[in-house]
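Enquirer: structure of the sequence below:
(chains A, B, C, D and E, ligands or ions: 4)
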Amino acid sequence: MMSEKKLNFLILIFLFLVPLFSILLNDIYITTLFSKIVILAIAGIGLNLILGYGGMVSFGHAAFFGLGGYITGILAFHFNNYEPIQILVFEFEGTNQLLFVWIFSLIFSSLLALFIGYFSLRTTGVYFIMITLAFAQMLYYFSISWPTYGGEDGLSLSLRNQIPFLNTMDPITFFYICYVWLIIAIIFVKFILNSPLGISLKASKENDDRVRSVGINPKKVKLISFIISGAITGLAGSLYADLNRFVSPTILSWQMSGEIMILVILGGMFRLYGPILGAFFYIILEQFLGGITENWQFWLGLIILLEVLYAKAGIMSFLIKDKYDEKTSS
Amino acid sequence: MEFQLLIEQFLNGLQFGTMLFLMSAGLTLVFGVMGLINLAHGSFYMIGAFGAALFAEITGSFFIGLISSFIVAMFAGVITEILVIRKLYKKDHLDQVLATFALILIFSEGIRWLFGAYPLYLNIPAELNASVSLPLEIIYSKYRLLIIAIGILIAFFLYILTSKTLLGIRIKAGQNDRGMISVLGVNIKTLYTIVFALGAALAGLSGALIGAIQSVEVGMGEPVLILAFVVIIIGGIGSIKGAFVGALLVGVTDTLGRFLLPELFKLFFDNADANLIGSSIASMSIYILMAIVLIFKPSGLFGERSA
Amino acid sequence: MNTLLKIDRLSAWYGDTRVLNEVEIEIKEGEIVALLGRNGMGKTTTLHSVCGIIEKVSGKIFFKNNLISNLPSFEISKLGIGLVPEGRRIFSNLTVEENLIVASRKGYWDLNKIKKIFPRLSERLTQMSNSLSGGEQQMLSIARTLMTNPKMLIFDEATEGLSPNIRNEIWTIISEIKKKEVSIILVDKYLNKIKQIADKLYILDRGENAWNGKPSLLTDQIVKKYLSV
Amino acid sequence: MMKKPVLKIDKLSKSFGAIKANDNLNLNLFKNEIHALIGPNGSGKSTLVKQISGFLKQDSGQIYLEEIDISNYSAEHRSRMGIARSFQISSVINSFKVIDNLRLSLMGRDGGYLNLFSNIYRNKDYSDEAFDLLRIVDLTNKANDLVSTLSHGDKRKLEISLALSMNPKLLLFDEPMAGLDKTSSQLMIDLFKKLKVKAPILLIEHDMESVFALADRISVLDYGSLIASGNEKEIKSNAKVQEVYLGDEN
Amino acid sequence: HKKIKVGMITTLSGGGSGLGIDVRDGFLLAVKGDKHFEVIVKDDQRKPDIAVQIADKMIQSDKVDVLTGIIWSNLAMAVVPAAVKQGKFYLSPNAGPSKLAGKGCHKNYFNVAWQNDNLHEAAGGYGNAAGYKNSFILAPNYPAGKDALTGYKRFFKGKIEKELYTKLGQKDYAAEIAQIRSSKADSIFFFLPGGMGISFMKQLSQSGINLPVIGPAFSFDQGILKAVGDAALGVKNTSQWSKDLDNKANKKFVQDFQKEYGRLPSLYASQGYDTGKLLISALNVADVKDQDKFRSALKNANFESTRGSFKFDTNQHPIQDIYVREVIKEGKILTNKIISTGLKNRSNAYVKDCPLK
Ligand SMILES: Nc1ncnc2c1ncn2[C@@H]1O[C@H](COP(=O)(O)OP(=O)(O)OP(=O)(O)O)[C@@H](O)[C@H]1O
Ligand SMILES: Nc1ncnc2c1ncn2[C@@H]1O[C@H](COP(=O)(O)OP(=O)(O)OP(=O)(O)O)[C@@H](O)[C@H]1O
Ligand SMILES: [Mg+2]
Ligand SMILES: [Mg+2]
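Expert: Numbering: from 1, shown residues only, chains lettered A, B, ... in the order given. Ligands and ions are numbered 1, 2, ... in the order given. Down below sits the predicted model:
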């Protein structure tokens, strides 16, 4: 048992040292595996902003994750093909420069979030869950049946996208790129949570009427948070595409949305670092159980079930001692 | 395009709709009325189908299979409710999501463990494996007519159960304020077990009924789950009428979309492209329908606007 | 007269904070007992403990000589305890009529009698209960509990938000109920009225018994010390 | 020469199906005034408050705040303009600490809620102001408690302090005394008397003792229309009011 | 000989796991008792991203020499290009996407099963032989589905009455069947793998439509036939393998498989088995670390295939006979019987695009 601050710090230190363990154990795959954990954690942090703090249960975050991934894939595809991208009358060159790729992913996933959020926020509760799912499913089916970028077969990037002076194909370099993004996401979300927008978001999770009667427009607050959330998750998707050097419709599927959501809940909502632990736990368990039995999903289910039934609020609450109710204010 | 075919496709849509209703019937109870987000609903659908396949094989009788599907799924429902679900009512909706997701893993892998990875055999009995002629020279499968009949029957039964009986009112009250309804002297715990088990049993029955014309395999429940949620949301949570109308709407949209959209696009594109684009949009059609309904009626077609 | 309800050294906690400390209360059949105290002194907690909805309690509660402190709340209710809760807690997803019949049990009170004493409700039977005005919701909450025909009624600030004339109506009803040998526990802020109709008063202070006795014995000093400025 | 009203309500109507909750209502509120609105349950008082504050859209009629027609403004806009309200059923952020509820409202008042990068919990001005406000309602000792653990009465007090935090031009109190004990009621009465100098109050209350102790003017609603308006004596002696509302109390 | 480390990525859990399990079992049967082999098997859950990550692990951490096992084209597309680029051999026991056969072919990529189009082409060929004049053809709306219909059309000389794309994962075909009924088609070709095909066949037989049906083996293979039931009786399907193929290797395989696992082998099991045997044959000639030598040993394909004659074309896809089978009943068990050869020594349509010589 320790304080949340200390645990958070330990998590970051531990992650930082992962490549070292990897080298010591002479197993570079550990680093790759943790890149995945870090990326999913970023996606989860994005989702948690609106899910945990804003009470907006999006069952469609795969849309952003997938869009980020596809943007990355498509830019690289056109770069390798030397065929420009045509949107109406405009033509764009593809690129393999990560800085551009990231900017595009952020912009497009924000735009998508603006669109989806604008319509979805007319509804609340379970209807919100389902309308976000609906939008994601549309994209999913679209991506499957649209042949240009591989349809269900997906799209392979032959190499990871580049960043000047760095070798992104090196697992350790790539891991640290993800790690830096994780830190940025954490700092950014932490700022938001303590900001006027953040407090408005947390308040409108509980009581729109009160929020309006102090002069705040809860719709705007939610929409902006939704956009930020979508953008963060979109960026994670972009990293994911580069990690695998591959994108396919599976990352737009409802199972993907569910997975992001599950690792957020598993780690502990209302906690900034919850998704990191959630992702860690989920992926490591999957690896570990998958190694010992063919029926690993059965055991994974059982462990998750026990966790939900007997941990108050995710794995985080196992490890720290301060009360979980006190989380909404800092 | 002949008029005859259009009518038949419309009927097919209605038929698919009743089938969807049958799939979502149990979910309407558990999710719509009790307010429990139960992702594992599809698992009961699967359990029912496997139960039916097993007992139909042992006894050689499809009907015994059907009855077993109901009983087996109900039994699974009771156990699940007592061991797991009961502990979730008080918790956050999201804990329900997580726990029932875990149940999916457990049930799916459990079934695969027991029955292996290949689909099982469950087919309709010879006496139902025939077609009847309807007016307008439409030929229709007997078994599908049976499904329609059962769907309507269950719809009617659920409608009576939830809106005309005390039981229905009590479940809704329990969803609103569990503590209060029990302070007023209602044993909500047992009531919920019964209702959950009934929901599971209905899921199991429909799994068997539909499994007989589709396929009985691990994972058969998940697509159904999503479809069933779509149906209930379009109709409006808590409304059986809504679920029924929603199911028909989805059925017709999907069927006619698959049929008409490629034709429509042939007006603008050449054959192959029209086929592709048309069927792409057709596969999105029910989600487009759902989004449109929710944009204009944020709590579904027949949903109550309660905070 | 027989003892109907006996609360014996009741303590209660929310999490780790103890809010009741060895509270003792006794009510005889057909008696009206009022529970007084400032905000936050533990009145509601006491009443909720009786109804079996506080998770962590110690001590014993007897109703009609049955030990009820370890029974689930629905069984306590079936033994004949009816609570009109603080803050109404009507079932907002049900109509007015559904709220009334959801837990009704046979006895003196039925839909017709309710319609008679609450004409406003009878005009609104099919309306969704969450669209009722505050006072109407309060009437509904009272009526809903009456419909369970309890042997002992608990009114936790049941006149809150009611207009003066309806409030008077409630006082009249209470007196009438008493005639039918139904006991009543009252929490209310209209002290004058309480002094008129209650047989016995209990004052709680910081979760402990501070004073009890007949209304006539309630001196200004006591009022000043425990109930007002 | 007529004084200009702070709030003017002009022929306001609102129906729910067949129920006419407000029927062609005219009402105004002047500086330095507590205007009490009473009437039987369901006569349309809360409905009126909801329309003034913008939570409910009127069917017809106009609402003016200091001669500006605000009938079509959003609720949050009206709040920022200085219409502060309390809710009939306490409406506060239960998952927040007491003080954070105030931080929220102070920030809302000042606008800029879309700001992402200033730390609101470290804003000293807000903390100081919040404590001042809590002092007014005698709640400083609970400043760091979670609202969900407050008793009913304390929540009411918090709600009043939230209304005050908005620099109100106008206060709408919907049964603020409900559920308060004698001590706290008295505290409110004293407080409201002081407050009306800053902003006039439209007070809805069923506790006649408090109404008569506070109101400069009383209006009575029945079935959505005004049936009487006047001072304490006039109201008490009005036979219609006696019949539909007061009963034989007093 | 030195040891060889094989990484098998295949689908072992969730929907479609039957195929992966058969490939694995077939492969393990082939290398059973061979001490040179170390085989690591991992479940890809039918998710391409998981497959990629397993491949990374096998390459980076387990340092395997050869990868194999993938069932689905989309997973293969995700894994194969990167794996062969990193100097690993990939032997496909099932998926054969056209991209990897044409421009995207690679010296380290071998397909031991077929090119995706093959079985469909044979179906088209059979259609001609059987005298179909007008076919109604349908497949799910995804790349493999489009390839399937293209493959059929490539060889079928009659008219195409209608070409339908259904939703991937769709289970109710009432609407499609209605269109078939109202059409003037004299035959049906369909490619609907897994549960989709089971549903379609059941519903088609219930509809009373009596048109001849032809499809690739996927919907009529051993594992699945039981679930389709009598609805499948008499249906023609195309396959490069069948249980009753009369050669020594096959007889041994069928016998051993039944003995080892207590069930009849499937098409997929035979493919897994052949993959194993191919590896053994190469290992007999060369050390896997000596890549060039090992590669040419693989290319020679000097092993006894369960399907009789087996050769690689220049793009390292099989040249083989594709048979037409009919679903029959052996006692109470449904199975297939070869009735004719659909295509003889068929290679594939993409050879010319592949730069390999
Ligand atoms: N859910 C809760 N969690 C923690 N503390 C609580 C909770 N509910 C009440 N309390 C505390 O318990 C004490 C007693 O509360 P209770 O509601 O019983 O008082 P009361 O006498 O009914 O007050 P009121 O007149 O305001 O209704 C109060 O100090 C209150 O803050
Ligand atoms: N959404 C609605 N739908 C239908 N009727 C409604 C709705 N909202 C309010 N009403 C009705 O309008 C009438 C006026 O309600 P309102 O809340 O304004 O009363 P009130 O004067 O505040 O009463 P109270 O003193 O009991 O709080 C009530 O009869 C109520 O039932
Ligand atoms: Mg109380
Ligand atoms: Mg009111």
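
Enquirer: contacts and neighbour counts: CA atoms only from here.
Expert: Fine.

Enquirer: stretch C:79-96 and chain B, are they touching?
Expert: Yes - using Cα under 8 Å from any Cα of the partner chain, stretch C:79-96 comes into contact with chain B via C:82, C:83, C:89, C:91, C:92, C:93, C:94.

Enquirer: does any part of that stretch sit near ligand 1?
Expert: No - using Cα under 6 Å from any ligand atom, stretch C:79-96 stays clear of ligand 1, with a minimum separation of 7.2 Å.

Enquirer: what sits up against that stretch?
Expert: Residues from elsewhere that reach stretch C:79-96, judged by Cα atoms under 8 Å, 6 or more residues apart in numbering or on different chains: B:169, B:172-173, B:176-177, B:180, B:183-184, B:306, C:44, C:51, C:99, C:121, C:124-130, C:137-138, C:140-142, C:145-146, C:148-158, D:89.

Enquirer: related to what we said a few turns ago, report the two of the residues of stretch C:79-96 next to chain B separated the most.
Expert: Largest separation among the residues of stretch C:79-96 next to chain B by Cα to Cα: C:82 and C:93, giving 21.5 Å.

Enquirer: wasn't residue C:41 part of a helix?
Expert: No - assigned with DSSP: H, G, I helix; E, B strand; the rest coil, residue C:41 falls outside any helix and is coil.

Enquirer: what's the closest non-adjacent residue to it?
Expert: Excluding its sequence neighbours, the residue lying closest to residue C:41 (Cα to Cα, 6 or more residues apart in numbering or on different chains) is residue C:206, at 4.6 Å.

Enquirer: one step back: take the residues of stretch C:79-96 next to chain B and keep only those in strands.
Expert: Applying DSSP state E to the residues of stretch C:79-96 next to chain B, the entries found in strands are C:82, C:83.

Enquirer: just to revisit the earlier point, more neighbours, residue C:82 and residue C:93?
Expert: residue C:82 (27 against 22; other Cα atoms under 10 Å in any protein chain shown).

Enquirer: distance of the more buried one from ligand 4?
Expert: Plainly put, residue C:82 is 26 Å away from ligand 4 if you go by Cα to the ion, to the nearest Å.

Enquirer: any idea how far residue C:155 is from that residue?
Expert: Going from residue C:82 to residue C:155 by Cα to Cα, to the nearest Å gives 9 Å.

Enquirer: one more: residue B:59?
Expert: 61 Å.

Enquirer: same question for residue D:228.
Expert: Counting by Cα to Cα, the gap from residue D:228 to residue C:155 is 33 Å.

Enquirer: neighbour count for the two, which is higher?
Expert: Neighbour totals were compared for residue D:228 and residue C:155, and residue C:155 leads with 24 against 18 (other Cα under 10 Å).

Enquirer: show me what the more buried one bridges to in the sheet.
Expert: With DSSP bridges as the criterion, residue C:155 is bridged to residue C:84, residue C:186.

Enquirer: that one against residue C:183, yeah?
Expert: No - the pair residue C:155 / residue C:183 is not scored as a contact, 11.0 Å apart, by Cα atoms under 8 Å.

Enquirer: ok, the residue nearest to residue C:41 to chain E distance?
Expert: Separation of residue C:206 from chain E (Cα to the nearest Cα, to the nearest Å): 60 Å.

Enquirer: and the strands in the chain?
Expert: Picked chain A for this. A:85-87, A:90-92, A:155-156, A:246-247.

Enquirer: not quite, go with chain B.
Expert: Using DSSP E, strands in chain B cover B:131-134, B:138-141.

Enquirer: in its sheet, what does the last one sit against?
Expert: Going back to what we said before, that points to strand B:138-141. strand B:131-134 (antiparallel).

Enquirer: what's the average pLDDT for the strand it pairs with?
Expert: The average pLDDT within strand B:131-134 is 75.

Enquirer: for stretch B:64-84, same thing?
Expert: Regarding stretch B:64-84, the rounded mean pLDDT is 95.

Enquirer: and if you look at stretch E:114-128?
Expert: The average pLDDT for stretch E:114-128 rounds to 92.

Enquirer: any part of it near chain A?
Expert: No - Stretch E:114-128 is not in contact with chain A by Cα under 8 Å from any Cα; minimum separation 13.0 Å.

Enquirer: buried residues in that stretch?
Expert: Buried residues in stretch E:114-128, counted by 16 or more other Cα atoms under 10 Å in any protein chain shown: E:114-128.

Enquirer: before we move on, what about stretch E:292-303?
Expert: Applying 16+ other Cα under 10 Å to stretch E:292-303 flags E:293, E:294, E:295, E:297, E:298, E:299, E:300, E:301, E:302, E:303 as buried.

Enquirer: hey, where'd the helices end up in chain E?
Expert: With helices called from DSSP state H, chain E shows them at E:17-31, E:48-57, E:73-85, E:98-101, E:118-129, E:143-155, E:174-182, E:195-207, E:222-228, E:248-261, E:267-285, E:291-300.

Enquirer: kindly reformat those as CSV containing distance to ligand 4.
Expert: Formatted as CSV, the helices of chain E follow (distance: least, Cα to the ion, whole Å):
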stretch, distance to ligand 4
helix E:17-31, 62
helix E:48-57, 58
helix E:73-85, 62
helix E:98-101, 71
helix E:118-129, 74
helix E:143-155, 63
helix E:174-182, 56
helix E:195-207, 59
helix E:222-228, 65
helix E:248-261, 75
helix E:267-285, 73
helix E:291-300, 85
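
Enquirer: any chance of JSON lines for those, columns distance to chain B?
Expert: Formatted as JSON lines, the helices of chain E follow (distance: least, Cα to the nearest Cα, whole Å):
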{"stretch": "helix E:17-31", "distance to chain B": "5"}
{"stretch": "helix E:48-57", "distance to chain B": "17"}
{"stretch": "helix E:73-85", "distance to chain B": "18"}
{"stretch": "helix E:98-101", "distance to chain B": "19"}
{"stretch": "helix E:118-129", "distance to chain B": "19"}
{"stretch": "helix E:143-155", "distance to chain B": "9"}
{"stretch": "helix E:174-182", "distance to chain B": "6"}
{"stretch": "helix E:195-207", "distance to chain B": "4"}
{"stretch": "helix E:222-228", "distance to chain B": "4"}
{"stretch": "helix E:248-261", "distance to chain B": "13"}
{"stretch": "helix E:267-285", "distance to chain B": "13"}
{"stretch": "helix E:291-300", "distance to chain B": "32"}
